[in-house]
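Visitor: model the following, please.
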Amino acid sequence: QVQLAESGGGLVQPGGSLRLSCAASGSIFAVYGMDWYRQAPGKQREMVATSTSSGRTNYADSVKGRFTISRDDSKNTVYLQMDNLKPEDTAVYYCNVDTKASPYSNYVDFWGQGIQVTVSS
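Guide: Residues are numbered from 1 along each chain as shown. Okay, here's the model as predicted:
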């Protein structure tokens, strides 16, 4: 089993910054995708940013140029640097990680418990 520990959320004023972290631990042989999603009240969960072990990244149009996803594979940790935050960024943010427990197993998806980000003056 794999556990994901998210941190770094909170309340910030518009134009401010926050950095989210998500550390994976447990039965991990390898990690492929490490991604961030978010869900605002009354809306569906949406992709924010994705990353692969080969270094590819992808962003939702709404956050391009403001958010940066990065990862430290030696620590099985993914980060989301969020700059120039807007009220519409308010949501619960979730990390999603694809891991495999051995060389012979398949990759399995795991979700964090979610962390609140509120952008308000």
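Visitor: OK, contacts around residue 97?
Guide: Residue 97 makes contacts with 2, 4, 22, 24, 31, 33-35, 76, 78, 109-110, as judged by C-beta atoms under 8 Å, 6 or more residues apart in numbering. Quick note: C-beta positions are derived from backbone N, CA and C, even for glycine.
Visitor: check contacts around the residue most central in space within the chain.
Guide: The residue lying closest to the centre of the chain (C-alpha atoms, centre = their mean) is residue 36, at 2.8 Å. By C-beta under 8 Å, 6+ apart, residue 36 lies in contact with 20, 22, 47-50, 69, 78, 80, 93-96.
Visitor: what separation do you get for it and residue 19?
Guide: Summarising the geometry, the distance separating residue 36 from residue 19, computed by C-beta to C-beta, to the nearest Å, is 12 Å.
Visitor: list residues touching both of those two?
Guide: A shared contact of residue 36 and residue 19, defined by C-beta under 8 Å, 6+ apart, is any residue touching both; here these are residue 80.
Visitor: enumerate the beta-bridge partners assigned to residue 78.
Guide: Residue 78 has these beta-bridge partners by DSSP bridges: residue 22, residue 71.
Visitor: residue 120 and residue 11 touch, don't they?
Guide: Yes: under the contact definition of C-beta atoms under 8 Å, residue 120 touches residue 11, with a separation of 6.7 Å.
Visitor: give me the PyMOL select line for the contacts of residue 97, limited to the buried ones.
Guide: In PyMOL, the members of those classed as buried (16 or more other C-beta atoms under 10 Å) are selected with the following command:
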select buried, resi 2+4+22+24+31+33+34+35+76+78+110
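Visitor: restricted to strands, list the contacts of residue 97.
Guide: Judged by DSSP state E, these include 2, 4, 22, 24, 31, 33-35, 78, 109-110 as members of strands.
Visitor: and of the residues you listed, the nearest to residue 64?
Guide: The shortest separation between residue 64 and any of the ones in strands among the contacts of residue 97 is 15.3 Å, and it belongs to residue 35 (by C-beta to C-beta).
Visitor: list the contacts for that closest one?
Guide: Applying C-beta under 8 Å, 6+ apart, we find residue 35 in contact with 47-51, 69, 78, 95-97.
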